[in-house]
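Novice: Okay, structure incoming, though there's no sequence with it:
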């Protein structure tokens, strides 16, 4: 089943990406999956290089899930007069780029926000939007930093 996936992290820029993705999902009449990632803490790696999914991560995941659901509910309430959108919110624990790339596997489109990390910082740490754009398994829309809805 076709769907659109949008990555959100609570930033103002990701709210713009969420609004854009909701509009696009409404126009295409496809469901929207909102993915928010609880980054794994440094050193919290389990066997085979996978993030540790120990009980310490679960409370954080639940808090992030509720926060993302609240943002989605607010965004949906502000869509008066626009096409209806079916939205599912998923909070996962892991590396943001990896989780979004995995979520792109069965998606028609993946939407992310560029948060505007400067050139040198981006070279040192790698940007989630850049990694996703290079490795996603579907088309990617990157909402540029500073874009106003």
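Specialist: All right, it came through fine. All values reported here derive from a predicted model rather than from experimental measurement.
Novice: Confirm for me that residue 82 is in contact with residue 25.
Specialist: No: the criterion here is CB atoms under 8 Å, and residue 82 misses it with residue 25 at 10.4 Å. C-beta here means a position set from N, CA and C on the backbone, and glycine is covered the same way.
Novice: A helix includes residue 33, no?
Specialist: No: counting by DSSP: H, G, I helix; E, B strand; the rest coil, residue 33 is not part of a helix but strand.
Novice: Give me the buried positions along the helix of greatest length in the chain.
Specialist: When the chain is parsed with DSSP state H, its longest helix is helix 57-77. Going by neighbour count (16 or more other CB atoms under 10 Å), the buried part of helix 57-77 is 57, 61, 64, 65, 68, 69, 71, 72, 75, 76.
Novice: how near is the third one to residue 96?
Specialist: Plainly put, residue 64 is 12 Å away from residue 96 if you go by CB to CB, to the nearest Å.
Novice: who's in contact with residue 1?
Specialist: Contact analysis of residue 1 by CB atoms under 8 Å, 6 or more residues apart in numbering lists 30, 31.
Novice: quick one: the helices in the protein?
Specialist: 12-28, 57-77, 96-103, 119-125, 128-135.
Novice: which residues of the chain score low on pLDDT?
Specialist: Low-confidence segments of the chain (pLDDT under 70): 41-58, 116-126, 146-149.
Novice: Please say which of residue 82 and residue 25 ends up with more neighbours.
Specialist: Between residue 82 and residue 25, counted using other CB atoms under 10 Å, the more crowded position is residue 25 (26 against 12).
Novice: Assess the claim that the more buried one and residue 31 are in contact.
Specialist: Yes: using CB under 8 Å, residue 25 is in contact with residue 31, at 6.8 Å.
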